[in-house]
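# How does the following fold in three dimensions:
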Amino acid sequence: MLIGILQCGHFPKVDGYPERTYTDLYSSLLAGRGLTFRTWSVVDMEFPDSVHDAEGWLVTGSRHGAYEDLPFIAPLEDFIRDAFAEKVPLVGICFGHQIIAQAMGGRVEKFAGGWSIGPTDYDFDGETVPLNAWHQDQVVEPPKGARTVASSEACRYAAFLYDGHAMTIQPHPEFDRDAVDLLLKARAPGVVDPDRIDAALARIDSPVANAAAADRIADFFKENSRG
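Reported below is the predicted structural model:
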């Protein structure tokens, strides 16, 4: 099954860390589950010709806000709405979770309570699932048709299901320990409160359920594919 990765940002390059792209992160996360991948860098205005150029779409994270006036935001929202209309399954991660909600009528804001970073416990329909967080923005009003299936202490709307059309989550199952370590040391200083950085570094080796999240994502794509 071909999954189109809609790349909404660029993973940072830092000396001393292996260079990785979002394609690397997601193909590694979902390896061995019968999926193949092609990437369109929508942040650089590279868009597919049609929502049928892939059998499913994965909308990535980004350092940008869904509410920012950037050239790629409006055409990406149009693409998302077209995918819904054509019943091509979508998965959104972090920014992807937010932009899908916004495209379908929800609202995204910068959270006044600050950042969520590092291993974080999420309640998925009564099951505690630890995953790596990296965000301050979050959905504050879900769109019609979005069923909330996960939350955390700092994020009420941490995952949605859209009746077979889309599955979206706020945390980052594609982030392993090294990815979070890079972000904490290279991206967080001067942006995130130092106490939160220290707390995240203290729990960086805590286990996270990335493999289980990958199973959920792959199963969603396969169960909702029209192929």
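# Find the nearest non-adjacent residue to residue 150, please.
residue 159 (3.5 Å; C-beta to C-beta, 6 or more residues apart in numbering). Using the backbone N, CA and C atoms, a C-beta is placed for each residue, glycine as well.
# so what pLDDT did the one you found get?
The model reports residue 159 with a pLDDT of 98.
# Please list all residues in contact with it.
97, 122, 124, 148, 149, 150, 151, 167, 168, 169, 170 (C-beta atoms under 8 Å, 6 or more residues apart in numbering).
# Filter these down to the buried ones.
Buried members of those, counted by 16 or more other C-beta atoms under 10 Å: 97, 122, 124, 149, 150, 151, 167, 168, 169, 170.
# what would those look like in a markdown table with secondary structure and pLDDT?
Listed next are the buried ones among the contacts of residue 159 as a markdown table, based on DSSP: H, G, I helix; E, B strand; the rest coil; pLDDT from 0 to 100:
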| residue | secondary structure | pLDDT |
| --- | --- | --- |
| 97 | helix | 98 |
| 122 | strand | 97 |
| 124 | strand | 94 |
| 149 | strand | 97 |
| 150 | strand | 97 |
| 151 | strand | 97 |
| 167 | strand | 98 |
| 168 | strand | 98 |
| 169 | strand | 98 |
| 170 | coil | 97 |
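# Save those as a markdown table, and put in distance to residue 83 too.
As requested, the buried ones among the contacts of residue 159 are arranged in a markdown table below (distance: C-beta to C-beta, whole Å):
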| residue | distance to residue 83 |
| --- | --- |
| 97 | 15 |
| 122 | 25 |
| 124 | 24 |
| 149 | 20 |
| 150 | 22 |
| 151 | 25 |
| 167 | 13 |
| 168 | 12 |
| 169 | 17 |
| 170 | 20 |
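# From residue 73, how far off is the spatially closest residue to residue 91 that is not a sequence neighbour?
Once flanking residues are discounted, residue 91 sits nearest to residue 58: 4.8 Å by C-beta to C-beta, 6+ apart. If you measure residue 58 against residue 73 using C-beta to C-beta, to the nearest Å, the figure is 18 Å.
# and stretch 33-45, how far from the chain's centre?
Stretch 33-45 sits 13 Å away from the centroid of its parent chain (C-alpha atoms, centre = their mean, to the nearest Å).
# buried residues in that stretch?
Across stretch 33-45, burial judged by 16+ other C-beta under 10 Å covers 35, 37, 39, 40, 41, 42, 43.
# out of those residues, who's nearest residue 9?
Of all the buried residues of stretch 33-45, residue 43 has the smallest distance to residue 9: 5.5 Å, by C-beta to C-beta.
# what sits against the closest one?
The neighbourhood of residue 43, defined by C-beta under 8 Å, 6+ apart, consists of 7, 8, 9, 10, 62, 64, 72.
# redo that, cut-off 6 Å
8, 9, 72 (C-beta atoms under 6 Å, 6 or more residues apart in numbering).
# And the residues you listed, which is the shakiest by pLDDT?
The lowest pLDDT within the contacts of residue 43 belongs to residue 9, which sits at 93.
# pretty sure it is in a strand, no?
No - applying DSSP: H, G, I helix; E, B strand; the rest coil, one finds residue 9 to be coil, outside a strand.
# if I look at it, how far off is residue 68?
12 Å.
# Specify the beta-bridge partners of the residue positioned nearest the centre of the chain.
With distances taken as C-alpha atoms, centre = their mean, the residue of the chain nearest its centroid is residue 93 (1.2 Å). Beta bridges link residue 93 to residue 169, judged by DSSP bridges.
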